[in-house]
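Novice: Output the structure for:
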Amino acid sequence: MTDSSLAFSKIGDLANPTRFLALVARILPWLAGVTLVLFAIGLVMSFTTEGDYQQGDTVRIMYVHVPAAWLSMMCYSVMALSAIGTLVWRHPLADVSHKAAAPLGAGFTLIALVTGSLWGKPMWGTWWVWDARLTSVFVLFLMYLGLIAFNRAMDDPSRAARVSSVLILIGFVNIPIIKFSVDWWNTLHQPASVMRLDGPTIDPEFLWPLLVMAIAFTCLFFTLHLMAMRNEIWRRRVTAQRRMAARQANREQAA
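Specialist: Purely as a prediction, here's the structure:
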């Protein structure tokens, strides 16, 4: 067996929920520990740096707002990949993945909206403006809420997975709009200052705490995502057992 075949075989093994749960049980404590350490380092760095000469201590909101905004888009990208896995490869854990990610994405997007308003008030003189960046992020938040409501309203998990996957892929068009809205339209929101082709424009004193917090938030997402997937698998197993017990009881009554 070639190395590539062996790799695909290992990935295919994760399609088995039992093997996936065993893997999660092994890596989750380590991932949670790394997340806590990164947050501890990031918070110390965030509160020990000097304030900005214009924004003062208000700039520290950046260390929460920016990672949350990044995660709001990354989470939806993970959902889009999971949706492709559901529609194309029929991977049994793909719909579990995007269903588990939706509440997390909604949470990170809400944090980004709230912290953005708190940061915008002293900088812009207003809590909110309906410019392209803020409006598209708010639309993303509504998309998350809509997907959560749809998944909870559907009784048939397989049909819900297919329909929600299509909706996720249609809604993915909003992600590049969020990313490039500050370049395409005139907005109050500042352009990208970290992920740039010509390199970051932010001072290293602020860049390093921001990067550490971004990695910490990313590890937090994957920790919570794995936990949510594990809980969803357990929930589905319990639901299946209850249905089997109900059918067995109905057969016994009919007999």
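Novice: For the rest of this, base every contact and every neighbour count on C-alpha atoms.
Specialist: OK.
Novice: Check the protein and tell me which residue is nearest its centre.
Specialist: residue 75 (2.5 Å; Cα atoms, centre = their mean).
Novice: mind listing what it touches?
Specialist: By Cα atoms under 8 Å, 6 or more residues apart in numbering, residue 75 lies in contact with 101-102, 104-105.
Novice: For PyMOL, what selects the buried ones among those residues?
Specialist: In PyMOL, a selection of the buried entries from the contacts of residue 75 looks like this (16 or more other Cα atoms under 10 Å):
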select buried, resi 101+102+104+105
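Novice: sorry, back to before: now the residue nearest to the centre of the chain: which helix or strand?
Specialist: helix 62-87 (DSSP states H and E).
Novice: Where do the strands of the stretch 101-250 of the chain begin and end?
Specialist: Using DSSP state E, counting those that start in this stretch, no strands are found in the stretch 101-250 of the chain.
Novice: and the residue lying closest to residue 136 once chain neighbours are set aside, how far is that from residue 78?
Specialist: What sits nearest to residue 136 in space, not counting adjacent residues and going by Cα to Cα, 6 or more residues apart in numbering, is residue 178, at 5.7 Å. Distance check for residue 178 against residue 78: by Cα to Cα, to the nearest Å, it reads 16 Å.
Novice: Looking at the two, which is more packed in?
Specialist: Using other Cα atoms under 10 Å as the criterion, residue 178 and residue 78 rank with residue 178 on top: 20 against 16.
Novice: List the contacts of that one.
Specialist: Per Cα under 8 Å, 6+ apart, neighbours of residue 178: 132-133, 136-137.
Novice: quick revisit: out of the contacts of residue 75, list just those in helices.
Specialist: 101-102, 104-105 (DSSP state H).
Novice: With pLDDT added, can I get these in JSON lines?
Specialist: Converted to JSON lines, the ones in helices among the contacts of residue 75 look like this (pLDDT from 0 to 100):
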{"residue": "101", "pLDDT": "97"}
{"residue": "102", "pLDDT": "97"}
{"residue": "104", "pLDDT": "97"}
{"residue": "105", "pLDDT": "97"}
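Novice: Now tabulate the residues you listed in TSV and tack on distance to residue 160.
Specialist: Converted to TSV, these look like this (distance: Cα to Cα, whole Å):
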residue	distance to residue 160
101	15
102	14
104	19
105	19
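Novice: now, which of those residues sits nearest residue 224?
Specialist: Nearest to residue 224, judged by Cα to Cα, of the ones in helices among the contacts of residue 75 is residue 104 at 7.7 Å.
Novice: Show me how far stretch 34-52 is from its chain's centre.
Specialist: 22 Å (Cα atoms, centre = their mean, to the nearest Å).
Novice: what comes up buried for it?
Specialist: 34-35, 38-39, 42-43, 45-46, 51.
Novice: before we move on, what about stretch 221-230?
Specialist: Going by 16+ other Cα under 10 Å, stretch 221-230 has these buried residues: 221-230.
Novice: I'd like the list of those residues that fall within helices, please.
Specialist: 221-230.
Novice: just to revisit the earlier point, any idea how far residue 29 is from the residue nearest to residue 136?
Specialist: Taken as Cα to Cα, the span from residue 178 to residue 29 is 34 Å.
Novice: Thank you, goodbye.
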